[in-house]
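J.: Return atomic coordinates for the entry below.
(one chain, ligands or ions: 1)
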Amino acid sequence: MTRHFNFCAGPAALPTAVLERARDELLDYQGRGLSVMEMSHRSDAFVAIAEAAERDLRELLAIPDNYRVLFLQGGASMQFAMLPYNLLGQGGTPNYLYTGIWGKKAIAEARHLAGAHVAAESAPGLTAVPRQADIALSEDAAYLHYTANETIGGLAFDYIPEASVPVVCDMSSSILAEPLDVSKFGVIYAGAQKNIGPAGLTLVIVRADLLDRALPQTPSMFNYRLMAENGSMYNTPPSYAWYLAGLVFQWLKQDVGGLEAMAEINARKAAKLYGAIDASDFYSNPITAGNRSRMNVPFVLADDALNGAFLAEAEAAGLLNLKGHRSVGGMRASLYNAVPEAAVDALVSFMADFEQRRG
Ligand code: PMP
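T.: Next comes the predicted model:
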């Protein structure tokens with residue numbers, strides 16, 4: 001059995017230790033004679049799994065008591081729509097910062113329902129985020145939404161925007177990469193398939209006082225309050241993904257040593273890869289230094305005609321999924337929590353070798 005280095009943007013690499021534990025528990029979960037996949041979500045065994053996952057997540061992110069944690073389905077894309085349903089019950093206009101493709105999709109969903117005001121945006125080229133002073137909320141702003149890390153562009157906020165209204169953040173591709181001050185946010189949400197666990201689970205962290213703001217026509221399955229009141233079990237939850245997320249949280253706590261330790265490793269991984277790109281005339285990344293994503297590193301080769309050879313040779317060397325998003329081309333290396341430093345070392349040495357032979 002060989003596990004290659006996987007740089008996929010999502011569904012992304014999972015820690016090998018987590019997969020091994022899941023394998024060991026697959027057929028017979030802790031002597032109960034059945035798999036977690038086959039359990040009632042209302043059984044004592046599953047409720048214990050669900051509660052432990054929430055407890056560990058709360059500890060990792062130091063989530064204050066006045067926040068509710070929801071384990072939902074539908075992906076971050078469903079949150080683009082759920083958010084306005086849940087936050088516009090008292091009127092007002094959704095406000096957004098536009099920094100890339102995912103933010104644009106979030107804005108489009110708000111516009112379906114209520115219209116949206118773009119309070120600030122990146123300059124053309126999307127190589128830097130707007131600064132706090134650039135943010136101009138509409139007078140009737142209901143909330144301010146931004147994308148902490150634009151997964152496709154590799155563009156990340158280096159600060160938490162402040163506003164007189166609740167700040168809402170799509171943290172799909174950066175949550176759990178470093179410590180976070182949750183108290184600065186009204187709502188945080190993330191699709192799981194990058195730093196949390198497998199696809200199919202979506203995490204929402206919402207300040208309890210915002211649970212009273214849903215539009216009356218909000219469908220039940222969209223309603224944060226209903227989900228919170230039912231412990232995210234209003235209907236059948238994505239139970240196996242929830243269990244695996246719990247194993248990832250345990251791995252972060254016990255094997256990695258928490259989010260400060262994780263952040264140090266992530267900083268080192270990103271510094272190595274950007275260092276290699278910047279030291280070369282053959283590879284380049286256009287993002288302003290302070291806004292470069294530590295999680296997703298897009299780069300292009302000096303000659304596009306070499307893209308196919310780069311990808312084929314990388315794959316042969318056990319370096320998987322380096323192709324850039326179809327909308328932008330080039331390459332992208334995603335360096336999520338579960339991508340080990342050894343993967344970055346292997347990538348950097350492959351890149352140097354490729355440049356020497358083909359550059
Ligand atoms: N937001 C961001 C920042 C993302 O990276 C993605 C997925 N790549 C999404 C939203 C959409 O997530 P999902 O596929 O879970 O709907």
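
J.: now Arg294, nearest residue through space, not along the chain?
T.: Nearest residue to Arg294, sequence neighbours excluded (C-beta to C-beta, 6 or more residues apart in numbering): Ala270, at 4.0 Å. In this view, the C-beta of every residue, glycine as well, is placed from N, C-alpha and C.

J.: do the same with Arg225
T.: The nearest residue in space to Arg225 (C-beta to C-beta, 6+ apart) is Leu211, at 4.3 Å.

J.: any idea how far that neighbour lies from Gln193?
T.: 26 Å (C-beta to C-beta, to the nearest Å).

J.: One more: Tyr96?
T.: 23 Å.

J.: burial of the residue in the stretch 201-350 of the chain positioned nearest to the ligand, as a residue count?
T.: Proximity of the stretch 201-350 of the chain to the ligand (C-beta to the nearest ligand atom) peaks at Thr202, 6.5 Å away. Neighbours of Thr202 under the rule other C-beta atoms under 10 Å: 25.

J.: Confirm for me that the residue nearest to Arg225 is in contact with Leu226.
T.: No - the criterion here is C-beta atoms under 8 Å, and Leu211 misses it with Leu226 at 9.3 Å.

J.: Find me the pLDDT at Ser349, would you?
T.: At Ser349, the model reports a pLDDT of 98.

J.: any idea which helix or strand carries it?
T.: helix 341-358 (DSSP states H and E).

J.: circling back to that earlier point, dump the residue contacts of the closest residue to the residue of the stretch 201-350 of the chain closest to the ligand other than its chain neighbours.
T.: Of all residues not flanking Thr202 in the chain, Leu72 sits nearest, at 4.6 Å (C-beta to C-beta, 6+ apart). Leu72 is in contact with Met78, Leu201, Thr202, Leu203, Val204, Met227, Ser232, Pro237, counting by C-beta atoms under 8 Å, 6 or more residues apart in numbering.

J.: re earlier: now for the residue nearest to Arg294, how many residues are close by?
T.: 21.

J.: Relative to Glu178, how far out is it?
T.: 11 Å.

J.: Over to Asn285?
T.: 20 Å.

J.: And the two? Which one has more around it.
T.: Asn285 (19 against 15).

J.: remind me which residues of the chain are low pLDDT?
T.: Scanning the chain for pLDDT under 70 picks out no residues.

J.: Could you chop it up by domain?
T.: 17-255, 258-358 (automatic domain parsing).

J.: is any part of the last one close to the ligand?
T.: Same thing as domain 258-358. No - applying C-beta under 6 Å from any ligand atom, one finds that domain 258-358 is not in contact with the ligand, the shortest distance being 8.1 Å.

J.: What's the end-to-end length of that domain?
T.: 41 Å (C-alpha to C-alpha, to the nearest Å).

J.: Report the distance from it to the chain centre.
T.: Taking C-alpha atoms, centre = their mean, to the nearest Å, the mean C-alpha location of domain 258-358 is offset from the chain mean by 18 Å.

J.: Pop out the phi and psi values for the closest residue to Ser183 other than its chain neighbours.
T.: Spatially, and ignoring its direct neighbours in sequence, Ser183 is nearest to Pro64 (5.5 Å; C-beta to C-beta, 6+ apart). Pro64 adopts backbone torsions of phi -60, psi 160, taken as degrees, to the nearest 10.

J.: Now for Pro64, how many residues are close by?
T.: Pro64: 13 neighbours (other C-beta under 10 Å).

J.: Which phi and psi values does the residue nearest to Arg294 adopt?
T.: Dihedral angles (degrees, to the nearest 10) for Ala270: phi -70, psi -40.

J.: all strands for the stretch 151-300 of the chain, in order.
T.: Counting by DSSP state E, counting those that start in this stretch, the stretch 151-300 of the chain has strands at residues 155-156, 167-170, 187-191, 202-207, 283-284, 296-301.

J.: mind exporting the second one as PDB, just the C-alpha atoms?
T.: Once side chains and other backbone atoms are set aside, the C-alpha atoms of strand 167-170 remain, and they are given as PDB (Å, rounded to 0.1, in the frame of the first residue of the first chain):
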ATOM      1  CA  VAL A 167     -19.600  39.700  10.400                       C
ATOM      2  CA  VAL A 168     -20.100  36.400   8.500                       C
ATOM      3  CA  CYS A 169     -17.300  34.400   7.100                       C
ATOM      4  CA  ASP A 170     -17.000  31.600   4.600                       C
END
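
J.: doesn't Thr151 make contact with Asp170?
T.: No - applying C-beta under 8 Å as the test, Asp170 and Thr151 come out as separate, 9.7 Å apart.

J.: Now the common contact residues for those two.
T.: The contact lists of Asp170 and Thr151 share Trp102, where a contact means C-beta under 8 Å, 6+ apart.

J.: hang on, the earlier thing: would you list the contacts of Leu72 in CSV and tack on distance to Gln250?
T.: As requested, the contacts of Leu72 are exported to CSV (distance: C-beta to C-beta, whole Å):
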residue, distance to Gln250
Met78, 27
Leu201, 16
Thr202, 20
Leu203, 16
Val204, 21
Met227, 24
Ser232, 19
Pro237, 19
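
J.: which one of those sits closest to Pro11?
T.: Using C-beta to C-beta, Leu201 comes nearest to Pro11 of the contacts of Leu72, at 11.1 Å.

J.: ok, now which ones touch that closest one?
T.: Phe71, Leu72, Gln73, Gly191, Ala192, Pro238, Ala241, Trp242, Ala245.
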